[in-house]
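Q: Take a look and give me a structure for this.
(one chain, ligands or ions: 1)
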Amino acid sequence: MTSANTVSKRLQEQANRQGSLPFSVFMEHALYDPSGGFYTRADAPYADYFTSVSVHPTLFGQLLAAHLDDVWQILGRPAPFRIVELGAADGRLARQIRNAADSFSWGGSLQYVGVERAPASSTTDALDACFASIAEVPVGNATSIISNEFFDALPVRLARRTADGWVEERVAREGEEWGFVDRPAPDEIKSYAMQYASATPVGGRIEVRQSVESIYRHAASLASGVVMTSIDYGDISAAVHSKRLAAGTLLAYRRHRASDDVLANPGHADLTAHVNFTQLIDAGRSQGFGCYRTGQQADFLAALGAGDHLVRFQERPDATLATYRAEREAVFQLVSPTDLGRFQVLTQGKGVDLSPIRGLDALTD
Ligand SMILES: C[S@@+](CC[C@H](N)C(=O)[O-])C[C@H]1O[C@@H](n2cnc3c(N)ncnc32)[C@H](O)[C@@H]1O
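A: Below is the predicted model of the structure:
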């Protein structure tokens, strides 16, 4: 039996017991089923998706290390300097940041902790410690929390506005296939919709990510001083749950190709939905992250030296036209507003002043 069948069988057993399932349960199994989930299955899912970390062997981590230097200063130059990465995947970003850390005063005292529910041996090799959940990370010294494309991979529930109010779109077996069925929306979905989806027209779909609040509760409890930097695709709620995106933002990626057939072949597609950054800001605020700064990855990485990287590369004696072009292509991918440069960056601070942060707009309470 293939792993995809295993996932479907497990989902069917659950549906037989419970009737229809929230889409978050389907997504949880499709991505994280212990034997057949997209991120958990044995045959290397990391080859099947592409993020800012995979654009270049060192660049994203090198630029983030410059940001982490700002964070280290803001946190009062702690030693050890603890960095907690959410969604550390195969440890690639950890390795990039470790390599770049040697150029900074905190390099020698870096303590790099990963949070990854589907770790590989390459993940743990790159880390000082690895935990399956943020709830397991011990309380410690002043802490920097970072993540790239972590929140978009958290399971979502689905809801649709009808002329009579909100319904939840749940998942049920229809013969040999999975399909959607409407059920009355529970109160927690209605209250999310009231808070964030007033612009969604009748017929429009929204994704509701319910685990965000608990992530922030644990993040805030890690230390008295915490700076949390989250990079992801998405926007403020008025844009994510807007008339323009009325069809919703949930997509399946199979071998780098996007499809809106999110129920096909669970376990063999990455499932993602845009992040509602207003929800992250609100969840942070309610846990004591009193200030935040935000902006697009393009401006953020430019302020941290993405352009200088090309100037320095050009001066290297071993640089050729071909290698220079490859470097330039990587920088463009990271900063282009039609590519990864359009990603949002959010830095939130608890017990600190964020004004020295480079590359993000100053927004404080
Ligand atoms: C889209 S991948 C991004 C990986 C990496 N950060 C990058 O940018 O290439 C999301 C990662 O987050 C992990 N993940 C998702 N939810 C998690 C959770 N609740 N706790 C720990 N890791 C989680 C997944 O297993 C996966 O490795």
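
Q: Show me what the strand ranked longest in the chain pairs with in its sheet, parallel or antiparallel.
A: Assignment by DSSP state E gives strand 165-174 as the longest strand of the chain. If you go by DSSP bridges, strand 165-174 pairs up with strand 21-22 (antiparallel), strand 157-162 (antiparallel), strand 177-184 (antiparallel).

Q: Now do it: distance to the chain's middle.
A: With C-alpha atoms, centre = their mean, to the nearest Å as the basis, the distance from the averaged C-alpha position of strand 165-174 to the chain average is 26 Å.

Q: ok, what's across the strand from the nearest residue to L222 once chain neighbours are set aside?
A: Of all residues beyond its chain neighbours, the one nearest L222 is T143 (4.9 Å), with distances taken as C-beta to C-beta, 6 or more residues apart in numbering. Every C-beta, even on glycine, is put in place using the N, C-alpha and C of the backbone. Listed beta-bridge partners, T143: R82, V226 (assigned using DSSP bridges).

Q: before we move on, the earlier item: what are the buried residues along the longest strand of the chain?
A: Residues of strand 165-174 classed as buried under the neighbour-count rule (16 or more other C-beta atoms under 10 Å) are 166-171.

Q: From G307, how far out is the residue lying farthest from the centre of the chain?
A: Computed with C-alpha atoms, centre = their mean, the maximum C-alpha offset from the centroid of the chain is found at P317, amounting to 37.8 Å. In this view, P317 and G307 are 21 Å apart by C-beta to C-beta, to the nearest Å.

Q: Next: G114.
A: For G114, the distance to G307 equals 30 Å [C-beta to C-beta].

Q: Between these two, which has more neighbouring residues?
A: With neighbours defined as other C-beta atoms under 10 Å, G114 and G307 compare such that G114 has more, 24 against 13.

Q: That one belongs to a strand?
A: Yes - if the criterion is DSSP: H, G, I helix; E, B strand; the rest coil, then G114 is within a strand.

Q: and Q297, what does it touch?
A: Taking C-beta atoms under 8 Å, 6 or more residues apart in numbering as the criterion, Q297 is in contact with 52, 231, 334-335, 340-345.

Q: Weed out the non-buried ones from these.
A: Restricting the contacts of Q297 to buried positions leaves 52, 231, 334-335, 340-341, 343-345, with burial counted as 16+ other C-beta under 10 Å.

Q: Among those, which ones are in helices?
A: Of the positions in the buried ones among the contacts of Q297, 334-335 sit in helices, assigned by DSSP state H.

Q: which of the buried ones among the contacts of Q297 come close to the ligand?
A: Restricting the buried ones among the contacts of Q297 to those touching the ligand (C-beta under 6 Å from any ligand atom) yields no residues.

Q: Which of the buried ones among the contacts of Q297 sits closest to the ligand?
A: Taking C-beta to the nearest ligand atom as the measure, S52 is the one of the buried ones among the contacts of Q297 closest to the ligand, at 6.4 Å.

Q: Correct me if wrong: the closest one contacts F60.
A: Yes - counting by C-beta atoms under 8 Å, S52 touches F60, with 4.7 Å between them.
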